[in-house]
Structure formats: structure tokens, C-alpha cells
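Asks: I'd like to go over a predicted model; first the sequence, then the structure.
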Amino acid sequence: MIGIVVALQNEAKGVIEKTSAVEKTTKNGKKIYYGTIGNNNFVLIISGIGKVNAALSAQYLIDNYPLQYIVNFGSCGGIKGKTEILGYYAVDKCCQYDFDLSALDNVSVGYIQDYDRVHFTPETDKLSFLPTAGLASSDRFTEKEADVKTVADLSCLTFDMEGGAIAQVCTANAIPYYIFKGITDVHGSGCDQNTFFENLNKVCDGFYDILLKAFGN
């Protein structure tokens, strides 16, 4: 069984509509769907936005289902000149750039002592048909120049609000995990609110095909 963690209902819509034998339940206020994709069973949870929601949801799946691995996909922002709007990327490293003890312990931004690292490393073998990019997560929508500079300094090209937390939970539980993202907006491109939501709908349309290609066998 594959565990899937997705922040938004819209991001999961294609998977829910196009897979077979889907039934819905609710646990801890989170919607959960069961079904099959290709030859594999899956359980999908709609986590809600943010690192705490993502971590709680990933841990719930790990505690309650016999998972082979966890998959996280969804929308994200990107750095201008390095990523393309509506492009899809396999995440090869991720971090939490709002986790910052540098002033206290003289460590790097994103460094987590319990794991002696800044970056966590998702699996990428099943997503080899996608370009790769680092992902930096935080509990805020990344749009300020200082935040984007921090993301770039951490060798990441994309940013979201969930992936880094899911990576930490999977690492703590020694379970393999995959992350892929679709770009809705590139910092500095002048994307307004209407364009953002148009792009969100467009990237969400592609998630099912990537999921099937990567994890259907």
C-alpha cells in the first residue's frame, strides 16, 4: 500500500476522480480516500495547509497502515530563471527554512539537531522522468526577497508549506518517501492572485498522470 499526503482537496481531485474503488472516511478532521492506482492500493489523506498538518497526517498514515512508502505531491513556488511555471519537479532534497536556531547555537538556518542535518533526502528513482530540484518548506507563503534568498542559499529552487515536515516524519520512522511538485508561481514574475489560482488548477490537472506513471506498477 502507498500512503499519499496532499495538502489541498483540489490537488488530489484528479487522483480521486480517476482511480477506481474510492471510498471516503474522515479521521481527526482529515478526509481519507482509499483506492487503487495501476497495480497498487493507496490511502490518501487531505492534510490541510502547513507543516503541522502535514506532519500529523503523515504520522497518522504510518501508524495505521502497512505502507511501502509515502508520496507527497502538490503545488509550490519557484525561483525565477531556475524553474518554469507549470513545470513539475521531483524533489531530491528538502529542508525547513523557517527552522532557525542560528542566533542561539551558531548553526546553519534549517539545521535540526536531532538529525544532525539541514536537508532530508527523498527517493527519486521512480520519478527519474522529471527534472529535480531542492524544496524548502516554511509555515508562510514565500514571497519576500529575504525568504527567497534564504531558499536559494539552501540550494533549493522550489518552496512550499508541507514537504520538509513530511520528510522529517518519514525519516524519523525510517520509511521511504517521494515528493514531486508543480510550479504555480515564480518569484518576481508578477503573478497576481487570479493568475495564481488559474495556474493552481492547471498544475493540479497533471498530478494524476505523474502518479500513475511513477507508482502504477
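Replies: Good, I have the coordinates.

Asks: and Ser57, how close does it get to Asn194?
Replies: The gap separating Ser57 from Asn194 is 29 Å, by Cβ to Cβ, to the nearest Å. Placement of C-beta: from N, CA and C, glycine included.

Asks: which of the two has more neighbours?
Replies: Ser57 (30 against 8; other Cβ atoms under 10 Å).

Asks: the more buried one should be in a helix, yeah?
Replies: Yes: counting by DSSP: H, G, I helix; E, B strand; the rest coil, Ser57 is located in a helix.

Asks: ok, now which ones touch it?
Replies: For Ser57, the contacting residues are 5, 30, 45-48, by Cβ atoms under 8 Å, 6 or more residues apart in numbering.

Asks: just Gly14 next, same as before
Replies: 204-208.

Asks: in three-state terms, label the residue lying closest to Leu157 once chain neighbours are set aside for me.
Replies: Using Cβ to Cβ, 6 or more residues apart in numbering and skipping the chain neighbours, the partner closest in space to Leu157 is Ala133 (4.1 Å). Following three-state DSSP, we place Ala133 in the strand state.

Asks: any idea what Ala133 is bridged to?
Replies: Legend: beta-bridge partners of Ala133 under DSSP bridges are Val91.

Asks: isn't it up against Asp160?
Replies: No: in this structure, Ala133 is not within contact of Asp160 by Cβ atoms under 8 Å, at 11.3 Å.

Asks: these two: who's more crowded?
Replies: Higher neighbour count among Ala133 and Asp160: Asp160, with 28 against 25, using other Cβ under 10 Å.
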